[in-house]
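Trainee: how would this look folded up:
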Amino acid sequence: MKGKNLAEGSIIKNMMVLIIPMFFSNLLNQLYNITDGIWIGQLTGDTGMSAITNVYPIIIIISCISIGFGLATSVLISRFYGAKDESKIKRIMGASYAFGCITAVLTTLIGIIFVRSILKVLNTPQEVFEAARAYIVIYLLTFVFSHILQIITEALRSIGDSKSPLIFAALGTVLNIILDPILIQGFWIIPGMGVIGASIATSISIFVSFIVAVLYINKKNKLLMIDLKELNLELVYVKYIFKIGMPALLQSVTISILILFEVYISNLSGVIGSSAYGAVSKLEQVMVVLSASFRTALAVMVSQFIGAGKKDECKLIMKEFLKLASIPSLIIALIVTVFAKPFIMIFINDPLSIAEAIKYLAIVGFSYITFPLKSGIKGFIAGTGHTKVVFVTALLGGLLAELPVILILINMGFDSLVCLGWGITAYVAFEIAATAAYYFTDRWKIEVLRKDLLESI
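Mentor: You can find the predicted model right below:
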């Protein structure tokens, strides 16, 4: 079968083969938002940055659909790739594409209907309200392409190919970097469109990447291709896409709701607080990129090992991961302690906003260092199919750690960003402790997939 069997050969070598291209791919994907932030912050000032800050958590919630069901596709394909079952892989891909299109269209319709209400709940400043609404609507109109692109990306990674998604991401990012200043500020006969121009640039870039990805898999990888004959909504496949994907989706939604709450708290300090939080959130995205590659790599490798009948050897994956995790942790520590202010000044130039951002980062920076460890443990658990555990720990982390800390400190009269810093730190500590405790119980060894799928034709 085309791809790479990660259940054979050196674990650490296979992990690096996945992680390195995946890291750059994830970084390039994040550059969509970072590029928008740089150009909007520099060309439109704090008002534009505030609009993007209010848009960001909504975009994250929408993208949770892709993250959740993309992960489900990845876990299932990895499992049957490890078992060398091509027939099931093709049927699962057909179900993923069909279910994905329906889900994306429904998401677009619901999002367009409720976008105004969501922005009002966020306490979005009136001066940026319409720009934020337009940005989201434009993004939603091309969401189906983004969603299917995510499924293709995760499917390729699940068979050990993380290089092709890197090419798709590079193409989209370069195009976005070129289009952003043209559509935001204007060029020749093209009028400047501000924040709306950034959304159009991103949507065009995603669409082009989608077309290239579809052409690639249909020509180079018949196992994962979009084949109209294989499109299906068979219950046995949709059920497990939903069973594994929905908890992962809800976990991402939980985090996104927490981000919405954080944006609301930052807005209590007006445009300065919102702008400062937005600038630091861009730095946080870099931290997430450094860590997310471990999460996906562990999920894919663990699932392939289980598919190949090597469940008892999965702990070796965790052992090798712990050796590698120290590298991104050191990089994150360096960024937080040495390059924080220069990074923040890329996005904002107001002295008051910069001061607020630095104060916030001094508190939350330490939790960023633990992101690789947190992501790796969550990826391991997700790879076994126990995505409910990942969801529950995220939910409890928000309800029992972050929200209480933030609310208590606000009532004590602390500044909004100080409250956010300590709340996020409490959340990260809780999630690491809870997922690590679950790992050591060995309950992840309980089989998630039942006979109806394992024995289906």
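Trainee: so where is the stretch 351-457 of the chain shaky, pLDDT-wise?
Mentor: Applying pLDDT under 70 to the stretch 351-457 of the chain flags the ranges 449-457.
Trainee: residue ranges of the helices in it, please?
Mentor: 351-369, 371-383, 387-397, 403-411, 416-441, 451-454 (DSSP state H, counting those that start in this stretch).
Trainee: measure the residue nearest the centre of the chain to residue 382 for me?
Mentor: The residue lying closest to the centre of the chain (CA atoms, centre = their mean) is residue 67, at 6.2 Å. Distance of residue 67 to residue 382, computed by CB to CB, to the nearest Å: 11 Å. For glycine as for every other residue, the C-beta is placed from the backbone atoms N, C-alpha and C.
Trainee: hey, what's in contact with both of the two?
Mentor: residue 248 (CB atoms under 8 Å, 6 or more residues apart in numbering).
Trainee: ok, now how distant is the residue nearest to residue 218 when sequence neighbours are not counted from residue 388?
Mentor: Using CB to CB, 6 or more residues apart in numbering and skipping residues adjacent in sequence, the residue nearest residue 218 is residue 225, 4.6 Å away. From residue 225 across to residue 388, the span is 31 Å (CB to CB).
Trainee: Same check on residue 289?
Mentor: The spacing between residue 289 and residue 388, counted by CB to CB, is 26 Å.
Trainee: circling back: looks like the residue nearest to residue 218 contacts residue 217 (just checking).
Mentor: Yes - applying CB atoms under 8 Å, one finds residue 225 in contact with residue 217, separated by 5.1 Å.
Trainee: which intervals of this protein have sub-threshold pLDDT?
Mentor: In the chain (pLDDT under 70), the answer is 1-3, 31-37, 39-49, 186, 189, 191-194, 449-457.
Trainee: Spit out the contact partners of the residue nearest to the centre of the chain.
Mentor: Residue 67 neighbours (CB under 8 Å, 6+ apart): 150, 248-249, 252.
Trainee: now the residues you listed as CSV including secondary structure, distance to residue 62 and neighbour count?
Mentor: Listed next are the contacts of residue 67 as CSV, based on DSSP: H, G, I helix; E, B strand; the rest coil; distance: CB to CB, whole Å; neighbours: other CB atoms under 10 Å:
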residue, secondary structure, distance to residue 62, neighbour count
150, helix, 12, 26
248, helix, 15, 25
249, helix, 11, 23
252, helix, 10, 22
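Trainee: Format these as JSON lines; extra columns: distance to residue 5.
Mentor: Below are these laid out as JSON lines (distance: CB to CB, whole Å):
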{"residue": "150", "distance to residue 5": "24"}
{"residue": "248", "distance to residue 5": "24"}
{"residue": "249", "distance to residue 5": "29"}
{"residue": "252", "distance to residue 5": "29"}
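Trainee: Closest one of the residues you listed to residue 444?
Mentor: In terms of CB to CB, no member of the contacts of residue 67 lies closer to residue 444 than residue 248, at 14.9 Å.
Trainee: Would you confirm that the closest one contacts residue 71?
Mentor: Yes - contact criterion CB under 8 Å: residue 248 and residue 71 qualify, at 4.5 Å.
Trainee: Identify the contacts common to those two.
Mentor: By CB under 8 Å, 6+ apart, residue 248 and residue 71 have these common neighbours: 382, 387.
Trainee: quick revisit: what are the phi and psi values for the residue nearest to residue 218?
Mentor: phi -60, psi 160 (degrees, to the nearest 10).
Trainee: and what of residue 348?
Mentor: With angles defined as degrees, to the nearest 10, residue 348 sits at phi -130, psi 150.
Trainee: Tell me how far it lies from residue 398.
Mentor: Distance, residue 348 to residue 398, by CB to CB: 28 Å.
Trainee: Just the CA trace of stretch 195-215, in CSV.
Mentor: Output of stretch 195-215 as CSV, limited to C-alpha atoms (Å, rounded to 0.1, in the frame of the first residue of the first chain):
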residue,chain,number,x,y,z
VAL,A,195,-10.4,43.6,7.3
ILE,A,196,-12.8,42.3,4.6
GLY,A,197,-9.9,42.1,2.1
ALA,A,198,-7.9,39.9,4.5
SER,A,199,-10.8,37.4,4.7
ILE,A,200,-11.1,37.3,0.9
ALA,A,201,-7.4,36.7,0.6
THR,A,202,-7.5,33.8,3.0
SER,A,203,-10.6,32.3,1.3
ILE,A,204,-9.0,32.4,-2.1
SER,A,205,-5.8,30.8,-0.7
ILE,A,206,-7.7,28.0,0.9
PHE,A,207,-9.7,27.3,-2.3
VAL,A,208,-6.5,27.1,-4.4
SER,A,209,-4.9,24.7,-1.9
PHE,A,210,-8.1,22.6,-1.9
ILE,A,211,-8.0,22.2,-5.7
VAL,A,212,-4.3,21.2,-5.7
ALA,A,213,-4.9,18.7,-2.9
VAL,A,214,-7.8,17.1,-4.8
LEU,A,215,-5.9,16.9,-8.0
